[in-house]
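Trainee: Build the 3D model from these lines:
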Amino acid sequence: MSGPSHLPEQRAFSPEEVSEMMGVDCSTVSSLLENGKLGSKKVGSSHRIFLSDLESYLGEDRARSLVRDLGTSEARGDESNEQAHKRASQFEKVAEVYAEISEDEAIVLSGLTQGDVQNLRDFLYGRFGTENVIVRSAKQEEGRFVEKESGHWVFEEGNPTLKALVRARDANEYLKA
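Mentor: Numbers count the residues shown, from 1 in each chain. Below is the predicted model:
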């Protein structure tokens, strides 16, 4: 039989790998497994999460994208793991605030790059599920707030930035299939 020897579609992932892919703590993945939101197969005392389980939870496109990202991460080594954890911790406070606000409240973040917005989406969708939270973005004035050594924040003109609105998704609001 010819073809690639590594087929992510057939691979089983550990909760730790899924945690890394989604940019969330292992405890979050454990909670998803325990409450049945994320499917898995138990092999001995360990959970193994298949691509089909991730597709059911995250949607096919996002799950496959995360698996590709993991493959790229493994090729790059520890540096990408460190970056993934840094990215996750960057948005942890947003997740904490989101978990505490009511359904009619929202969080607004500004001075973000397109990459920041996508990482925020990935993090929050992985943490709360795409059916529960929505992240909308819009272009804002050109420039960005930068923290100076003095601890003060100043607006520096430059490339256009984005603002993001994080709120609960309405039940009838568009959700990519």
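
Trainee: do you know how far the nearest residue to residue 156 once chain neighbours are set aside is from residue 107?
Mentor: Leaving aside its sequence neighbours, residue 156 sits nearest to residue 146 (CB to CB, 6 or more residues apart in numbering; 5.2 Å). Yep, even glycine has a C-beta here, placed from its N, CA and C like the rest. According to CB to CB, to the nearest Å, residue 146 stands 21 Å off from residue 107.

Trainee: With residue 139 instead?
Mentor: For residue 139, the distance to residue 107 - CB to CB - is 18 Å.

Trainee: Those two: which is more packed in?
Mentor: The neighbour comparison of residue 139 against residue 107 (other CB atoms under 10 Å) goes to residue 107, with 17 against 10.

Trainee: helices and strands of the protein: which one has the lowest mean pLDDT?
Mentor: helix 60-76 (a mean of 60; mean pLDDT, DSSP states H and E).

Trainee: So what sits opposite residue 147 in the bridge?
Mentor: residue 153 (DSSP bridges).

Trainee: ok, it - how many residues close by?
Mentor: The burial count for residue 147: 9, using other CB under 10 Å.

Trainee: domains of this structure?
Mentor: 1-76, 89-170 (automatic domain parsing).

Trainee: per-stretch mean pLDDT over these, give me the minimum one.
Mentor: Ranked by mean pLDDT, the domains of the chain end with domain 1-76 in last place, scoring a mean of 73.

Trainee: Give me the nearest residue to residue 15, chain neighbours excluded.
Mentor: Residue 15 sits nearest to residue 29 (CB to CB, 6+ apart), 4.5 Å away.

Trainee: element containing the one you found?
Mentor: Remark: residue 29 resides in helix 26-34, with elements defined by DSSP states H and E.

Trainee: Please state the offset of whichever helix or strand comes after that helix from the chain centre?
Mentor: Next in sequence after helix 26-34, counting helices and strands by DSSP H and E, comes strand 41-43. Mean-position distance between strand 41-43 and its chain equals 25 Å (CA atoms, centre = their mean, to the nearest Å).

Trainee: Check which helices and strands strand 41-43 is in contact with.
Mentor: Applying 3 or more CB pairs under 8 Å, 6 or more residues apart in numbering; DSSP states H and E, one finds that strand 41-43 contacts strand 46-50.
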